[in-house]
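Asks: next input, structure requested:
(chains A and B)
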Amino acid sequence: MPTLQTTSTDAFSRITGIGGYRAEHSVPNEDLVGPIDSSDEWIRQRTGIITRNRAGADVGVLDMCEEAATEAIANAGLKPSDIGGVIIATVTFPYATPSAASALTARLGTGPVPAWDISAACAGYCYGIAQADALVRSGTMDNILVIGVEKLSDFIDPTDRSISFILGDGAGAVIVSTSDTPGIGTSVWGSKGENWETIRMTNSFLELRNDPPGPFPTLRQDGPSVFRWAVWDMAEVAQQALDAAGVTAADLAAFIPHQANMRIIDELAKQLKIPDTVKIGRDIADNGNTSAASIPLATERLLRENPELHGGLALQIGFGAGLVYGAQVVILP
Amino acid sequence: MAHTEAEVLSGLAEIVNEETGLATDAVEANKSFTDDLDIDSISMMTIVVNAEKKFGVKIPDDDVKDLVTVQDAVDYIVKAQQA
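Replies: Predicted structure coming up:
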């Protein structure tokens, strides 16, 4: 029997470009407090959110992807035809199939490259980076477009006090390319399926079909349980990612956790003993929680506002519905 | 070694003080965490986690909602220590 040919390489991977799309409508707390019998102060105190950005009815997931991707490809100094694969992390593309990624290849003009979506909610971007890192290092692809995108405003209930008021829309994109030196540390990722319902949809689309007229499925969460898991369990995961990369918190230039809630971000930083010299992504205050898009959008903003961070080390960690999580240390583009 | 009821109350008051800034003597047994001490659900979870560490007990998420007053928490922790 002949030996099968396969790719094998000593290459490493690195993020070489980044782009973002921020939704055009800034929605202040005052616009949302009525149906949940709340106040601007209540929302700020519990979440740190002042406004969130949401897209209009005429802007879809693919539109947001296209803008973020086009910027990321240009930022990496590439052309769409240089892209060898497209990974989109999203839970809000309104078709179970075909994928958003496949449609995006045609919009961008990448050519007939592998393209697929992943469903890992707020951990989706870190899952995408883990996949792209492995594919680049295996020699399967040279330049992979990884996008985190959500149009969460399509899946919210204005009367819900658990999660709807924190959510926003947006897209963040990066290019993961081959590198002579390591630019993405070992990923620490996993799931906790016994807590599948901690962050959930109210009902399935089959239930909607079988019991019309609704309700239309929207998101809910058990906030305090999510908080406990997101801080104390995720602090351990984040530390594992630092250890796996062989670095300490003191080596970081930036800490970029999923933008779930400012109090989670603050408490995570406290548990991890992140030094004051490390820039922390706090995009949530005026962008809201954009799930899979939140880490790349927070990264894009940190780099724009702090150019000295280019080339520095960042610890990123995503966590959310599943429950699922993913973390890795990366060199910022 | 198990902590006495008085020790648990005193330790709990210190945890509440650290999380909220409330004076320890304001954390009286009959006070409601929410209504009297103005502690929200997120701060409550931080208090619970710190109480678990301090007293070596487990307080599952589902039980936290039953801890309405400081005395409820003291009773729960004292009982959990004996389990």
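Asks: any weak-confidence spans in chain B?
Replies: The model of chain B has pLDDT under 70 over residues B:1.
Asks: excluding its backbone neighbours, what's nearest A:Ser153?
Replies: A:Arg54 (4.5 Å; C-beta to C-beta, 6 or more residues apart in numbering or on different chains). (C-beta placed from N, C-alpha, C; glycine too.)
Asks: and the stretch 201-333 of chain A, which residues reach chain B?
Replies: Proximity of the stretch 201-333 of chain A to chain B, by C-beta under 8 Å from any C-beta of the partner chain, involves residues A:222-225, A:227-228, A:231-232, A:261, A:263, A:267.
Asks: shouldn't A:Gly326 be within a strand?
Replies: Yes - the assignment for A:Gly326 is a strand, going by DSSP: H, G, I helix; E, B strand; the rest coil.
Asks: confidence score at it?
Replies: Per-residue confidence (pLDDT) for A:Gly326: 98.
Asks: leaving out the residues flanking it, which one is nearest to it?
Replies: Of all residues not flanking A:Gly326 in the chain, A:Cys126 sits nearest, at 3.2 Å (C-beta to C-beta, 6+ apart).
Asks: can you check A:Ser38 too?
Replies: Once flanking residues are discounted, A:Ser38 sits nearest to A:Arg161: 7.1 Å by C-beta to C-beta, 6+ apart.
Asks: is it true that that neighbour touches A:Pro35?
Replies: No - assessed by C-beta atoms under 8 Å, A:Arg161 is found out of contact with A:Pro35, at 9.2 Å.
Asks: quick one, what contacts residue 40?
Replies: Just going to use chain A. A:28-30, A:33 (C-beta atoms under 8 Å, 6 or more residues apart in numbering or on different chains).
Asks: wrong one, I was asking about chain B
Replies: A:45-46, B:34.
Asks: okay, the residue nearest the centre of chain A: pLDDT?
Replies: Residue closest to the average C-alpha location in chain A (C-alpha atoms, centre = their mean): A:Ala292, at 2.7 Å. pLDDT recorded at A:Ala292 is 98.
Asks: look up how far chain A lies from B:Ile15.
Replies: Distance, B:Ile15 to chain A, by C-beta to the nearest C-beta, to the nearest Å: 14 Å.
Asks: sec struct for that residue, please.
Replies: Strictly by three-state DSSP, B:Ile15 counts as helix.
Asks: correct me if wrong: it contacts B:Val48.
Replies: No - the pair B:Ile15 / B:Val48 is not scored as a contact, 9.1 Å apart, by C-beta under 8 Å.
Asks: and B:Phe55, what does it touch?
Replies: B:3, B:8, B:11, B:77, B:80-81.
Asks: state the pair within those that is farthest apart.
Replies: B:Gly11 and B:Ala80 (13.5 Å; C-beta to C-beta).
Asks: re the thing from before, pick the one among the contacts of B:Asp40 closest to B:Ala73.
Replies: Taking C-beta to C-beta as the measure, B:Ala73 sits nearest to B:Thr34 out of the contacts of B:Asp40, at 12.3 Å.
Asks: what does chain B have sitting close to chain A?
Replies: Neighbours of chain A within chain B, by C-beta under 8 Å from any C-beta: B:40-42, B:44-46, B:48-49, B:61, B:64.
Asks: please redo it, this time with the cut-off set to 7 Å
Replies: When proximity is defined as C-beta under 7 Å from any C-beta of the partner chain, chain B approaches chain A at B:40-42, B:44-46, B:49, B:61, B:64.
Asks: give me the below-cutoff pLDDT ranges for the stretch 101-250 of chain A.
Replies: For the stretch 101-250 of chain A, no range has pLDDT under 70.
Asks: can you give me the helices for it?
Replies: Per DSSP state H, counting those that start in this stretch, the stretch 101-250 of chain A carries helices over the ranges A:124-137, A:205-210, A:223-228, A:234-245.
Asks: quick one: the strands in the stretch 101-250 of chain A, in order.
Replies: For the stretch 101-250 of chain A, applying DSSP state E, counting those that start in this stretch gives strands covering A:115-118, A:143-151, A:169-179, A:188-191, A:199-201, A:219-221.
Asks: of all those, which one is nearest A:Arg137?
Replies: Nearest to A:Arg137, of all the strands of the stretch 101-250 of chain A, is strand A:169-179, at 8.4 Å by C-beta to C-beta.
Asks: which residue sits closest to A:Pro215, ignoring its sequence neighbours?
Replies: A:Thr202 (6.1 Å).
Asks: I'd say that neighbour and A:Gln221 touch.
Replies: No - applying C-beta atoms under 7 Å as the test, A:Thr202 and A:Gln221 come out as separate, 11.2 Å apart.
Asks: more neighbours: which of the two?
Replies: Higher neighbour count among A:Thr202 and A:Gln221: A:Gln221, with 20 against 16, using other C-beta atoms under 10 Å in any protein chain shown.
Asks: residue contacts, the more buried one?
Replies: A:162-163, A:198-199 (C-beta atoms under 7 Å, 6 or more residues apart in numbering or on different chains).
Asks: so what touches stretch A:159-171?
Replies: Identification of contacts with stretch A:159-171 by C-beta under 7 Å, 6+ apart yields A:20-23, A:32, A:35-36, A:43, A:47, A:49, A:52-55, A:64-65, A:67-68, A:147-153, A:156-158, A:218-221, A:223, A:261, A:287-290, A:293, A:297.
Asks: now a PyMOL select for only the buried ones of these.
Replies: The PyMOL selection below is limited to those of the contacts of stretch A:159-171 classed as buried (16 or more other C-beta atoms under 10 Å in any protein chain shown):
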select buried, chain A and resi 20+21+22+23+32+36+43+47+49+52+53+54+55+64+65+67+68+147+148+149+150+151+152+153+156+157+218+219+220+221+223+261+287+288+289+290+293+297
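Asks: and the strand or helix carrying A:Leu62, how far out from the chain's middle?
Replies: Here A:Leu62 sits within helix A:61-75, counting by DSSP states H and E. Computed by C-alpha atoms, centre = their mean, to the nearest Å, the separation of helix A:61-75 from the middle of its chain amounts to 15 Å.
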